[in-house]
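Enquirer: mind looking at a prediction? Sequence and model below.
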Amino acid sequence: MERVRLIDGLRGFSLFGILLANMLIFQYGMFGKDEISYFSLSDLDTGANKFIKVVVEGSFMPIFTFLFGYSLIKLVESLRKKEVRVRWHLVRRFIFLIIIGILHGTFLWEGDILAFYGFMGFFLLMFINRKKKTLVIWGIVLFVLTSAMGYGVLEETKEEVENLSSYIFKTNDVYTNGTYTEIMDHRNNEMPPIYSDELVLFFILIFSPILTAPLFLFGMAAAKANLFTRPSLEQKRYKIGTILLPMGLVLKGVSILLQENAWSGILLNVGAQFLSIGYISLFALLFVSFAHSKVFLAFESVGKLSLTNYIMQSVVCTTIFYGYGLGLFGNLGMLNGIILGLLIFLLQCICSSLYLKKIRRGPLELLLRIGTNFSWNGTVRKRKTKYKKLKKIDFENTLG
């Protein structure tokens, strides 16, 4: 599959934002990050936390989601040119993503997203043959519906608050002081309060694909329209897209910084998606002028090794924050966490650039290709079709 440089750069850029957002989970836990009052933050760290909440969290994962849909269509187009069974290749790819995600979530970190992407792939199979207009319509409809579902304020009972507090304090203690085995046992066997309600769990499992589908579908539509393949000719579109950036910041800021009300959920979801598209557009616009700068080449290098770099972020950060490493869980502070995230990503930029000078693909990228293409060297194996056999027979009969 021919690589699109801008897409690789965007993928690296999204990993940068994902790392900064995930620093909240690495430092305070999946549920502790949204109950930051349980941790004694300074005024400076409180401001840094609000900055991450408004500018980063919830707006970089959708970029990766958009790119997943985009790359899915480009992969389909590549496989069709090679005359192989597209759906079987995709099924194997999704299964491998699920396996890697389950291993990641079980043995390393609770915030895995790969398994969800694998399951989401099966949902997206219904759309791979749809026209770009159909994809856009579906994306808009689902975006409106899922945003509307955010209306209202969820009232927690006293018992629910107490259970959540108990879970957060226990997580804090285990992650700070526990051994690898103790932390893994807590992660895999302690049921977070929200998952104890079977109705809520059922709702999450059923509606998660629908809630996240819009950006997947928009990415697929963009690929069918061949966007980002000619950046210098698409600048007008990028400029239009950047209008959503300030709109997204305002909507998210109002939702997060002001008192919670019935409209907060809608503003947050709409603002997060608008901001994602705004970031994509701004990055693409800057790429036109600075494609060969060191910064954009670094993003591109990280993006080419996105799967390996994503897992390595978990390896490095859990070692820093968990008890079997430095045990800094809940103690580093938000501002220091942002600085640490910047340093880790800078290191990934350097390592990725040096690695790609010697080796074409990352280890996990190669493993995924092996699983997808079902070949030890990761290349696509063409299958003999009945058409080719019949053509050969017809040719032999002609000679006879």
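Expert: Sure, I can see it. Numbering: from 1, shown residues only.
Enquirer: where does pLDDT dip in the protein?
Expert: Applying pLDDT under 70 to the chain flags the ranges 1-3, 194-202, 204-205, 382-400.
Enquirer: mind doing that once more with 80?
Expert: Within the chain, the segments meeting pLDDT under 80 span 1-3, 153-157, 160, 191-209, 259, 377-378, 380-400.
Enquirer: all helices of the stretch 251-400 of the chain, in order?
Expert: 264-290, 294-304, 306-321, 334-358, 363-373, 386-399 (DSSP state H, counting those that start in this stretch).
Enquirer: using CSV, lay out those together with mean neighbour count and distance to V86.
Expert: To be clear about C-beta, it is placed using only N, CA and C from the backbone, and glycine gets the same treatment. Shown next, in CSV, are the helices of the stretch 251-400 of the chain (neighbours: other CB atoms under 10 Å; distance: least, CB to CB, whole Å):
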stretch, mean neighbour count, distance to V86
helix 264-290, 21, 26
helix 294-304, 21, 23
helix 306-321, 20, 21
helix 334-358, 17, 28
helix 363-373, 18, 11
helix 386-399, 9, 17
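Enquirer: closest one to Y180 among these?
Expert: Judged by CB to CB, the one of these that comes nearest to Y180 is helix 306-321, at 9.4 Å.
Enquirer: now the angle from that closest one to helix 363-373?
Expert: Put simply, helix 306-321 runs at 140 degrees to helix 363-373, going by axes from the mean of the first three to the mean of the last three CA atoms, to 10 degrees.
Enquirer: hang on, the earlier thing: and the helices of the stretch 251-400 of the chain as JSON lines, adding distance to G9?
Expert: Converted to JSON lines, these look like this (distance: least, CB to CB, whole Å):
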{"stretch": "helix 264-290", "distance to G9": "6"}
{"stretch": "helix 294-304", "distance to G9": "4"}
{"stretch": "helix 306-321", "distance to G9": "11"}
{"stretch": "helix 334-358", "distance to G9": "12"}
{"stretch": "helix 363-373", "distance to G9": "16"}
{"stretch": "helix 386-399", "distance to G9": "40"}
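Enquirer: for N177, which of the ones you listed is the nearest?
Expert: The closest of the helices of the stretch 251-400 of the chain to N177 is helix 306-321. By CB to CB, the value is 12.0 Å.
Enquirer: distance from the chain centre to that closest one, please.
Expert: Relative to its chain's centre, helix 306-321 lies at 14 Å (CA atoms, centre = their mean, to the nearest Å).
Enquirer: please name whichever of the helices of the stretch 251-400 of the chain is nearest to I95.
Expert: helix 363-373 (7.4 Å).
Enquirer: now the angle between helix 294-304 and that closest one, please.
Expert: Relative orientation of helix 363-373 versus helix 294-304 (the same axes, to 10 degrees): 50 degrees.
Enquirer: how far away from the center of its chain is helix 363-373?
Expert: Using CA atoms, centre = their mean, the mean C-alpha position of helix 363-373 is found 18 Å from that of the whole chain.
Enquirer: going forward, count from 19.
Expert: With 19 as the first residue, the last one maps to helix 381-391.
Enquirer: how many neighbours does the residue nearest to A290 when sequence neighbours are not counted have?
Expert: Leaving aside its sequence neighbours, A290 sits nearest to G76 (CB to CB, 6 or more residues apart in numbering; 4.1 Å). G76 is flanked by 19 other residues according to other CB atoms under 10 Å.
Enquirer: I figured G76 hits L38, correct?
Expert: No: if you go by CB atoms under 8 Å, G76 and L38 don't touch, sitting 11.8 Å apart.
Enquirer: show me what contacts the residue nearest to A290?
Expert: Residues near G76 by CB atoms under 8 Å, 6 or more residues apart in numbering: 39, 270, 286, 290.
Enquirer: now S89
Expert: Contacts for S89 were tallied using CB under 8 Å, 6+ apart; they are 25, 237, 241.
Enquirer: which single one of those residues is nearest to F112?
Expert: The nearest member of the contacts of S89 to F112, counting by CB to CB, is G237 at 16.0 Å.
Enquirer: pretty sure the closest one contacts F82?
Expert: No: here G237 does not reach F82: they are 9.6 Å apart, not a contact under CB under 8 Å.
Enquirer: what about those two, which has more around it?
Expert: Taking neighbours as other CB under 10 Å, G237 and F82 compare with G237 leading, 28 against 22.
Enquirer: chain neighbours aside, what residue packs nearest to that one?
Expert: That would be G87: by CB to CB, 6+ apart, it lies 2.9 Å from G237.
Enquirer: quick one: closest of the helices of the stretch 269-418 of the chain to T64.
Expert: Closest to T64 of the helices of the stretch 269-418 of the chain, according to CB to CB: helix 352-376, at 7.6 Å.
Enquirer: now the terminal residues of stretch 373-382, how far apart.
Expert: Start and end residues of stretch 373-382 are separated by 13 Å (CA to CA, to the nearest Å).
Enquirer: so what touches it?
Expert: For stretch 373-382, the surrounding residues in contact (CB under 8 Å, 6+ apart) are 118, 319, 322-323, 325-327, 329, 387, 396.
Enquirer: from the contacts of G76, pick the one nearest Y185.
Expert: Distances from Y185 to the contacts of G76, taken by CB to CB, are shortest for A39, at 21.3 Å.
Enquirer: surely the closest one touches P80?
Expert: No: here A39 does not reach P80: they are 11.1 Å apart, not a contact under CB under 8 Å.
Enquirer: right, so of the helices of the stretch 269-418 of the chain, which gets closest to L245?
Expert: Between the helices of the stretch 269-418 of the chain, helix 282-308 lies closest to L245; by CB to CB that is 8.7 Å.
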